[in-house]
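*Asks:* Sequence and predicted model, in that order:
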Amino acid sequence: RMVADVEKLVPGARVDFAHGQMRERELERIMRDFYHQRFNILVATTIIESGIDVPTANTIIINRADKLGLAQLHQLRGRVGRSHHRAYAYLITPPPKAMTRDAVKRLQALEALEDLGAGFTLATHDLEIRGAGELLGEDQSGQIHEVGFTLYTQMLERAVRAIREGRQPELDRPLDHGTEIDLNLPALLPEDYLPDVHIRLIQYKRIASAASADELRELRVEMIDRFGLLPEQAKNLFDITELKLDVQPLGIRKIEAGPQGGKIHFEEQPAIDPARIIHLIQTRPQQFKLDGSDKLRFFADLEDPQQRVEKVRELLRMLQ
């Protein structure tokens with residue numbers, strides 16, 4: 001029926017068709033004829049996504065593209081076009097209101113991504129839209145669909161890390177983003193230092209993603225080299241990020257510090273020897289005292305911002 005419709009639309013064209021129910025020899029003959037341009041238009045099912053290379057094919061029309069998966073559409077679109085030949089892929093769909101929400105998302109993702117490496121990005125989009133299968137089960141869609149792929153992988157990584165360290169995974173605890181450190185200091189990249197908001201956001205991301213103190217120091221040197229000497233607020237940002245890296249293995253939830261001292265909030269199971277905390281309180285009762293079962297208060301004159309950073313750094317060394 002579709003072949004008949006196409007022949008009516010383009011009377012001068014030679015049209016043939018191919019689908020998966022054909023005999024192997026017949027299918028092979030049709031594809032060979034199409035390859036050698038013995039006919040102009042091939043009407044086919046999605047069987048052509050399997051990767052038959054027809055260099056002379058320069059246009060593909062995908063009917064009811066809303067019914068196909070994202071990976072399928074990407075594969076089908078790749079059947080036409082070469083590095084030095086322009087090709088065209090037309091996707092025919094009903095009006096947006098007649099399509100499902102997921103179908104609209106798939107088409108938008110396909111339309112937005114056409115650069116080199118788009119396949120991986122499309123696969124990630126597909127996981128977000130469709131939901132991945134259960135990691136340890138047979139179902140095609142599991143809990144990943146409920147929380148999103150990125151958050152699921154973070155939760156999984158935390159659970160695996162806990163098991164490797166011989167601890168029981170804390171499944172009820174919300175996913176945190178490291179220790180919160182509040183030193184009552186402006187810690188940011190000022191607009192007059194980095195006027196371009198896009199570059200500023202990239203630098204924030206790089207600073208937050210630094211995995212070690214060495215990596216952070218290299219980033220600091222690079223920024224000074226590219227943009228000039230760091231203003232005070234930017235120095236504070238680097239210092240606080242370095243403190244976060246130092247405190248990571250200790251099991252501390254939050255550190256607060258101000259001009260008169262501060263407070264350390266511990267996790268339920270901190271990786272700190274309790275004897276160290278007791279020793280601090282007994283030997284320096286004027287400087288340290290417990291506040292409940294999970295907080296340690298410290299008292300000091302910390303008006304100078306740099307002094308505040310150094311005091312917290314010194315405290316962490318004492319607890320390690």
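*Replies:* Arrived safely. Residues are numbered from 1 along each chain as shown.

*Asks:* Now do the buried residues in whichever strand or helix holds Lys8.
*Replies:* Assigned by DSSP states H and E, Lys8 belongs to helix 2-9. Using 16 or more other C-beta atoms under 10 Å as the test for burial, helix 2-9 gives Val6. The C-beta positions use only the backbone N, C-alpha and C, and glycine is treated the same way.

*Asks:* do stretch 150-162 as well
*Replies:* So for stretch 150-162, counting by 16+ other C-beta under 10 Å, buried means Tyr152, Met155, Arg158.

*Asks:* Check the gap between Lys97 and Asp246 for me.
*Replies:* 55 Å (C-beta to C-beta, to the nearest Å).

*Asks:* pLDDT averaged over the strand or helix carrying Gln108 - what is it?
*Replies:* Element membership for Gln108, per DSSP H and E: helix 101-112. Helix 101-112 shows a mean pLDDT of 85.

*Asks:* buried stuff in it?
*Replies:* For helix 101-112, the neighbour count (16+ other C-beta under 10 Å) marks Ala103, Lys105, Arg106, Leu107, Ala109, Leu110 as buried.

*Asks:* what about the third one, distance to Lys295?
*Replies:* When distances are taken as C-beta to C-beta, Arg106 and Lys295 turn out to be 50 Å apart.

*Asks:* My guess is Tyr193 contacts Glu232. True?
*Replies:* No. Taking contacts as C-beta atoms under 8 Å, Tyr193 lies outside contact range of Glu232: 10.4 Å.

*Asks:* Could you check which of the two has the larger neighbour count?
*Replies:* Remark: of Tyr193 and Glu232, Tyr193 carries more neighbours, 17 against 13, as counted by other C-beta atoms under 10 Å.

*Asks:* Just checking the distance from the helix holding Lys8 to the centre of its chain.
*Replies:* Between the centre of helix 2-9 and the centre of its host chain there is 46 Å, according to C-alpha atoms, centre = their mean, to the nearest Å.

*Asks:* other SSEs contacting it?
*Replies:* In this structure, helix 2-9 packs against strand 15-18, strand 41-44, with contacts taken as 3 or more C-beta pairs under 8 Å, 6 or more residues apart in numbering; DSSP states H and E.

*Asks:* With mean pLDDT and distance to Glu314 as extra columns, can I get those strands in a markdown table?
*Replies:* Output for the helices and strands packed on helix 2-9, formatted as a markdown table (pLDDT from 0 to 100; distance: least, C-beta to C-beta, whole Å):
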| stretch | mean pLDDT | distance to Glu314 |
| --- | --- | --- |
| strand 15-18 | 95 | 75 |
| strand 41-44 | 96 | 72 |
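
*Asks:* just these: most buried one?
*Replies:* Comparing the helices and strands packed on helix 2-9 by mean neighbour count (mean count of other C-beta atoms under 10 Å), strand 41-44 ranks first with a mean of 20.

*Asks:* Return the list of strands paired to that strand, each annotated with direction.
*Replies:* Next to strand 41-44 in the sheet, as set by DSSP bridges, lie strand 15-18 (parallel).

*Asks:* right, and the helix or strand after the strand it pairs with?
*Replies:* Assigned by DSSP H and E, the successor of strand 15-18 is helix 24-35.

*Asks:* Give the rounded mean pLDDT of that following helix.
*Replies:* Across helix 24-35, the average pLDDT comes to 93.

*Asks:* what comes up buried for that helix?
*Replies:* For helix 24-35, by 16+ other C-beta under 10 Å, it's Leu27, Ile30, Met31, Phe34.

*Asks:* Okay, now the unreliable bits of the chain?
*Replies:* 51, 83, 114-119, 121-123, 125-149, 171-177 (pLDDT under 70).

*Asks:* Got the domain ranges for it?
*Replies:* Here the domain parsing of the chain from automatic domain parsing is 2-130, 140-175, 180-319.

*Asks:* Same list, the helices and strands packed on helix 2-9, but as JSON lines with distance to Gln75 please.
*Replies:* Formatted as JSON lines, the helices and strands packed on helix 2-9 follow (distance: least, C-beta to C-beta, whole Å):
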{"stretch": "strand 15-18", "distance to Gln75": "16"}
{"stretch": "strand 41-44", "distance to Gln75": "13"}
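
*Asks:* Of those strands, which is nearest Leu183?
*Replies:* strand 41-44 (65.3 Å; C-beta to C-beta).

*Asks:* orientation of the helix or strand that that closest one is followed by relative to helix 2-9 in degrees?
*Replies:* Going down the chain from strand 41-44, the next helix or strand is strand 59-63, by DSSP H and E. Relative orientation of strand 59-63 versus helix 2-9 (axes from the mean of the first three to the mean of the last three C-alpha atoms, to 10 degrees): 120 degrees.
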